[in-house]
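> output the structure for:
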Amino acid sequence: PGVRVDSHAYRGYTVPSFYDSLLGKLIVHGSDRDDAIARARLALDDFHAEGLATTLPFHRRLLTHADFLSGSVHTRWVETEIAHA
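Numbers count the residues shown, from 1 in each chain. Here you go, the predicted structure:
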């Protein structure tokens, strides 16, 4: 409940050499922000993609970062804080 994946890919799908980097999108919602974050963590733990680089490790890291959890982020936060960590 509260988790959805939007994608045109499927098990066994072969990604062409020229592909859109947005092959899939994980969407979660919850009764409040903390609930949505908890669902996102569980969904990311269960999310598997093989054969190409993904942003899954970044998103797993993001969902445990103190700044993100406290809501202390801004539009350049990834660039200024995460990129240099």
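> from now on I want contacts and neighbour counts done on CA atoms only, so please keep to that.
Fine.
> most distant residue from the middle of the protein?
Largest separation from the mean C-alpha position in the chain: Ser17, at 22.6 Å (CA atoms, centre = their mean).
> if I look at it, how far off is Thr54?
Counting by CA to CA, to the nearest Å, the separation of Ser17 from Thr54 is 15 Å.
> over to His65?
According to CA to CA, His65 and Thr54 sit 19 Å apart.
> likewise Asp35?
24 Å.
> where are the low-confidence patches of this protein?
84-85 (pLDDT under 70).
> quick one: the helices in it?
33-46, 56-62, 66-70, 77 (DSSP state H).
> tell me which of those helices is the most buried.
helix 33-46 (a mean of 16; mean count of other CA atoms under 10 Å).
> tell me the centre residue of this structure?
Note: the chain centre (CA atoms, centre = their mean) maps to His59, 4.2 Å.
> report the beta-bridge partners for Leu26.
Per DSSP bridges, the residues bridged to Leu26 are Val5.
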